[in-house]
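Student: coords below, sequence missing:
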């Protein structure tokens, strides 16, 4: 059977298609992404009708694509894009009615679980942190002995920070300082548990993958799956200084991230500082793969 998993995020709406055989062996077929910028349609905590219609329009395109490819089952779900707005119920009811399908609104804890299921398909994660920096939220999960020991969803995302503090496409140094202050305040408030030494940290989501891919091109790395903290700081410095070679690499590798990669990196660097981390391991898998595992009742 063919399955379609649609992730409605604050910055992008993405469809992944999979072929699952009778033994539940999974083959990734293709994916399609639309930059929606849903967070930019939020006014005083409420998603506007224009924002809701943007979701409807993109979902209808993706459902049509699924029909074209003969997808048997399609599962759309939303995270912070609809979870953190004040009119979640009204928007979900409106979107469901317009597209003719129910949107699953996952909680912050469930999103963390989905990310863990997804990342375990790439890494044998037994102990360490998982970071998922999205457009409207950041999920931090601590895994100990193969079990989730702590998870929380911070209402800080690359797009929401951009909307709240930045007037242009790339933050100024002054705007970046304000973002850093807000992130430090949030981390202190949530009192995220720390472990001794230098823990392993695994990153998922578009922002972190973009950092890895741009670094791979800019610094001639063999693979984007591991990023040293020194290289991350170097990349950040080049972008915040608006060095032409760094901006060019972002535009070549992932132009849709040019406006969100810097606030996302500010979040990432502050969390790595807080957790005393030197190396970041980056996974190609994430919540969408985890959601498919959930649908199929599979475990890692």
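Tutor: Okay, I see it. Predicted model only: the values in this text are computed from it and were never measured. Numbering: from 1, shown residues only.

Student: Show me what the helix or strand hosting residue 202 is packed against.
Tutor: Per DSSP states H and E, residue 202 falls inside strand 201-204. On a contact count with 3 or more CB pairs under 8 Å, 6 or more residues apart in numbering; DSSP states H and E, strand 201-204 meets helix 108-119, strand 128-133, helix 261-275, strand 279-282. In this view, the C-beta of every residue, glycine as well, is placed from N, C-alpha and C.

Student: so which of those is the most packed in?
Tutor: A comparison of these by mean neighbour count, using mean count of other CB atoms under 10 Å, puts strand 128-133 on top with a mean of 26.

Student: Next, the angle from it to helix 261-275.
Tutor: Orientation of strand 128-133 against helix 261-275 (axes from the mean of the first three to the mean of the last three CA atoms, to 10 degrees) gives an angle of 160 degrees.

Student: okay, the angle between the next helix or strand after strand 128-133 and strand 128-133?
Tutor: Proceeding N to C from strand 128-133, the next assigned helix or strand is strand 138-144, under DSSP H and E. Interaxial angle, strand 138-144 versus strand 128-133 (the same axes, to 10 degrees): 170 degrees.

Student: Strand 138-144: partners in the sheet, and parallel or antiparallel?
Tutor: Paired with strand 138-144 in the same sheet, following DSSP bridges, are strand 128-133 (antiparallel), strand 147-154 (antiparallel).

Student: tell me the mean pLDDT for the first one?
Tutor: Yep, that's strand 128-133 we're talking about. Per-residue pLDDT over strand 128-133 has a mean of 94.

Student: can you check stretch 154-172 too?
Tutor: On average, stretch 154-172 scores 91.

Student: likewise stretch 31-43?
Tutor: If you average the pLDDT over stretch 31-43, you get 92.

Student: got a list of contacts for it?
Tutor: Applying CB atoms under 8 Å, 6 or more residues apart in numbering, the contact partners of stretch 31-43 are 8-17, 47-48, 50-52, 54-55, 58, 61-62, 65, 81-82, 85, 135-136, 157, 159-160, 163, 256.

Student: got TSV for the helices and strands packed on strand 201-204, with distance to residue 235 too?
Tutor: Formatted as TSV, the helices and strands packed on strand 201-204 follow (distance: least, CB to CB, whole Å):
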stretch	distance to residue 235
helix 108-119	22
strand 128-133	15
helix 261-275	7
strand 279-282	12
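
Student: Compare the ones you listed and give me the one nearest residue 182.
Tutor: Closest approach to residue 182 among these (CB to CB): helix 261-275, 9.4 Å.

Student: what's that closest one packed up against?
Tutor: Under the contact criterion of 3+ CB pairs under 8 Å, 6+ apart, helix 261-275 touches strand 128-133, strand 138-144, helix 158-165, helix 173-190, strand 201-204, helix 206-218, helix 229-240.

Student: Which among the helices and strands packed on strand 201-204 is found nearest to residue 244?
Tutor: Here helix 261-275 is closest among the helices and strands packed on strand 201-204 (CB to CB), at 15.2 Å.
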